[in-house]
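Undergrad: here is my input; please provide its structure:
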Amino acid sequence: MKKKVCKKCKLFVEGNICPLCKGNQFSLNWHGRLYILDPAKSIIAEKIDMKVKGEYAIKFR
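TA: All right, here's what the predicted structure looks like:
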């Protein structure tokens with residue numbers, strides 16, 4: 001089963017509410033993953049403006 005991605009913040013979610021933005025709109029159609037382990041030291045996290053560690057989708061519909 002594919003994981004759900006929050007349409008607002010691109011975070012992978014397992015429940016019915018996104019823990020990051022408290023949104024409830026999700027997509028099951030995504031491509032690529034990005035793991036942010038330490039947002040304070042990550043250049044990629046800085047460029048895409050992610051401030052919380054987690055697993056994010058790169059692209060979704």
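Undergrad: so which residues of this structure form helices?
TA: 43-47 (DSSP state H).
Undergrad: point out where it drops to low pLDDT.
TA: 1 (pLDDT under 70).
Undergrad: and the residue nearest the centre of it, what are its bridge partners?
TA: When C-alpha atoms, centre = their mean is applied to the chain, the residue found nearest the centroid is L11 (1.9 Å). Counting by DSSP bridges, L11 forms beta bridges with Y56.
Undergrad: next up, the contacts around it.
TA: Residues in contact with L11 (C-beta atoms under 8 Å, 6 or more residues apart in numbering) are V5, C18, P19, L20, C21, V52, G54, E55, Y56. For every residue, glycine as well, the C-beta is placed using N, CA and C.
Undergrad: at 6 Å what do you get?
TA: Going by C-beta atoms under 6 Å, 6 or more residues apart in numbering, L11 touches L20, G54, Y56.
Undergrad: so how far is K47 from the nearest residue to I58 once chain neighbours are set aside?
TA: Take I58 and drop its neighbours on the chain: the residue closest to it by C-beta to C-beta, 6 or more residues apart in numbering is G32, 3.4 Å away. As judged by C-beta to C-beta, to the nearest Å, G32 and K47 stand 15 Å apart.
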